[in-house]
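Participant: got a predicted structure here, sequence first:
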Amino acid sequence: MFEGAGGIRRRLDVAGAELEFPILQELHAEGATDYVAMPLVFLDGKINAITLATDRAGGFTTEESQQVYDMLPVLARLLEVHAMHYTARTLLDTYLGKVTGERVLNGLIKRGDGEDINAVIWFCDLRGSTGLAEEMAREDFLGLLNEFFDCMAGAVLDHGGEVLRFIGDAALAIFPIVEEDNEAGREVCTRYDACRLALMAARDAMGRIGELNQGRGERGAPPIDFGIGLHIGDVLYGNIGVPGRLEFTVVGAAANEAARLEGLCKTLEFPVLISGQFAQFFPGELASVGRHALRGVSEPQEVFTLPDLLGKV
C-alpha cells in the first residue's frame with residue numbers, strides 16, 4: 001500500500017483465507033472475520049494507513065467500506081494535525097527539555113517571555129577537554145562528550161531535573177521549586193526536595209563516571225575528570241537572544257554563582273562543590289571546605305562538598 005496500492009482487504013472467515021501478514025494471523029486467531037487497510041495521504045505526500053477489523057459475521061459491507069473510503073481526506077487532515085503536534089512536542093522535549101518545551105509549545109515564544117523562579121542550579125563541566133580534543137580523533141572526542149553527558153545529564157533527568165543547555169563540554173540544568181499553589185497540575189517540589197534530588201543526581205553522576213572510567217581503564221584510556229557546582233536561588237527563566245534566534249534558559253546571579261562554584265572545583269580539587277545557601281537545607285550533612293572568593297561575588301562564601309569526598313582529594 002505504501003508503494004501505491006489503493007488499499008488491502010482480507011476476508012478472514014472464508015476457506016483458504018490469505019494470512020500472509022502476522023497481524024492477519026493474530027486477528028484470525030481472535031475470531032476476526034474481515035480486515036481492511038486504507039491509505040491516509042498527508043499534505044507532504046507521506047502515505048500513512050488506517051486499519052479496521054471486525055468479528056461480525058460476513059465482515060464489512062460494501063457500503064461501509066465505501067463510507068470509510070470517502071471519509072479518508074478529512075480524516076487524513078485531522079490525523080495530520082495530531083501527528084504534527086506530537087512531532088512538535090517530541091522535538092521540543094528532546095531539544096529544550098520537557099518543562100521548557102511545554103512552555104514554548106504553550107506560546108512563550110517572544111523575546112523576554114518568562115518569569116522569575118526559584119530553583120536549584122546545576123552546572124557541570126568536563127575537565128581537560130581542550131587537550132582531549134587535540135589528542136583524539138574528532139569522532140572519538142564527540143563520542144566521549146556524549147558518554148560524559150550520558151553520565152551528567154542522564155543523572156539530572158533521571159532525578160527530575162531539567163537540562164537547559166549544553167555549552168561545549170559543559171551543561172546547565174535546574175531542579176525547579178514548585179510551591180503548592182503554583183503551576184497547577186505539577187507536583188509540589190519544596191526547596192528541600194529540589195536540593196535532595198540534586199544531591200541524588202550528583203551521586204548518581206559520580207557513580208556513572210566511575211563506571212565509565214573503569215571501562216576506559218580496561219581499554220587503556222586515561223580517566224576523565226569533571227566538576228559539578230550546585231547552588232539555589234532566584235533566576236529569570238525565559239527567552240533571551242535575538243528575534244530570529246531565541247534560547248529558553250535561566251539567567252541571573254544565582255546561575256553565575258553556580259558556574260563559579262563549578263570553576264572552583266578545579267582549584268580545590270573536589271568533583272562537587274555546593275553553596276552555603278544550598279547547605280542550609282542539609283545542616284550537618286554536608287562538609288565545609290572553608291570560605292572562598294567567587295568571581296563576581298563581593299564577599300567570600302562558605303563552600304561545601306559531600307562528606308565522603310573529603311578523604312579522596
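Facilitator: Received it, and whenever you're ready, just let me know what you need.
Participant: quick one: mean pLDDT over the longest strand seen in the chain.
Facilitator: For the chain, the longest strand by residue count, based on DSSP state E, is strand 226-242. Mean pLDDT, computed over strand 226-242, is 91.
Participant: and the helix or strand just after it, what does it pack onto?
Facilitator: Following strand 226-242 in sequence order, the next helix or strand is strand 245-251 (DSSP states H and E). When contacts are defined as 3 or more C-beta pairs under 8 Å, 6 or more residues apart in numbering; DSSP states H and E, strand 245-251 packs onto helix 98-105, strand 114-126, strand 162-167, strand 170-176, strand 226-242. Quick note: C-beta positions are derived from backbone N, CA and C, even for glycine.
Participant: what pairs with Val41 across the strands?
Facilitator: For Val41, the beta-bridge partners are Ile47 (DSSP bridges).
Participant: hmm, it is touching Leu75, no?
Facilitator: No - Val41 is not in contact with Leu75 according to C-beta atoms under 8 Å; the separation is 10.7 Å.
Participant: which strands border the longest strand of the chain, and is each parallel or antiparallel?
Facilitator: For strand 226-242, pairing defined by DSSP bridges yields strand 114-126 (antiparallel), strand 245-251 (antiparallel), strand 272-275 (parallel).
Participant: comparing those strands, which comes out most buried?
Facilitator: Among those, strand 272-275 has the highest mean neighbour count (mean count of other C-beta atoms under 10 Å), at a mean of 26.
Participant: which strands or helices does the helix or strand just after that strand pack on?
Facilitator: Sequence order places helix 276-279 as the next helix or strand after strand 272-275, per DSSP H and E. Using 3+ C-beta pairs under 8 Å, 6+ apart, the elements in contact with helix 276-279 are strand 226-242, strand 301-305.
Participant: quick one: contacts of helix 276-279?
Facilitator: 120, 195, 198, 230-233, 286, 288, 301-304 (C-beta atoms under 8 Å, 6 or more residues apart in numbering).
Participant: so for the strand or helix carrying Asn213, what gets flagged as buried?
Facilitator: Using DSSP H and E, Asn213 maps to helix 191-218. Residues of helix 191-218 classed as buried: 191, 193-199, 201-202, 204-206, 208-209, 212-213 (neighbour count, 16 or more other C-beta atoms under 10 Å).
Participant: tell me where the stretch 1-150 of the chain has helices.
Facilitator: Secondary structure of the stretch 1-150 of the chain (DSSP state H, counting those that start in this stretch): helices at 22-29, 62-96, 98-105, 129-135, 138-158.
Participant: in terms of mean pLDDT, which of these ranks lowest?
Facilitator: Among the helices of the stretch 1-150 of the chain, helix 98-105 scores lowest, at a mean of 74.
Participant: could you give the angle of that helix to strand 170-176?
Facilitator: Per axes from the mean of the first three to the mean of the last three C-alpha atoms, to 10 degrees, the angle that helix 98-105 makes with strand 170-176 is 80 degrees.
Participant: which helices and strands does helix 98-105 pack with?
Facilitator: helix 62-96, strand 162-167, strand 245-251.
Participant: those into a markdown table, with extra columns for distance to Gly131?
Facilitator: Listed next are those as a markdown table, based on distance: least, C-beta to C-beta, whole Å:
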| stretch | distance to Gly131 |
| --- | --- |
| helix 62-96 | 29 |
| strand 162-167 | 18 |
| strand 245-251 | 28 |
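Participant: so which of these comes closest to Leu309?
Facilitator: Ranking the helices and strands packed on helix 98-105 by proximity to Leu309 (C-beta to C-beta) places strand 162-167 first, at 23.6 Å.
Participant: next, name the residue at the spatial heart of the chain.
Facilitator: Geometric centre of the chain, nearest residue: Gly97, 4.7 Å, by C-alpha atoms, centre = their mean.
Participant: tell me what the nearest residue to it once chain neighbours are set aside is bridged to.
Facilitator: Spatially, and ignoring its direct neighbours in sequence, Gly97 is nearest to Glu162 (4.5 Å; C-beta to C-beta, 6 or more residues apart in numbering). Glu162 has the following beta-bridge partners by DSSP bridges: Ile174.
Participant: now stretch 168-188: average pLDDT?
Facilitator: 77.
Participant: quote the end-to-end distance of that stretch.
Facilitator: Terminal residues of stretch 168-188 lie 33 Å apart, using C-alpha to C-alpha, to the nearest Å.
Participant: just to revisit the earlier point, export the helices of the stretch 1-150 of the chain to a markdown table and tack on mean neighbour count and distance to Gly241?
Facilitator: A markdown table is the format used below for the helices of the stretch 1-150 of the chain (neighbours: other C-beta atoms under 10 Å; distance: least, C-beta to C-beta, whole Å):
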| stretch | mean neighbour count | distance to Gly241 |
| --- | --- | --- |
| helix 22-29 | 14 | 48 |
| helix 62-96 | 13 | 13 |
| helix 98-105 | 18 | 13 |
| helix 129-135 | 13 | 25 |
| helix 138-158 | 17 | 22 |
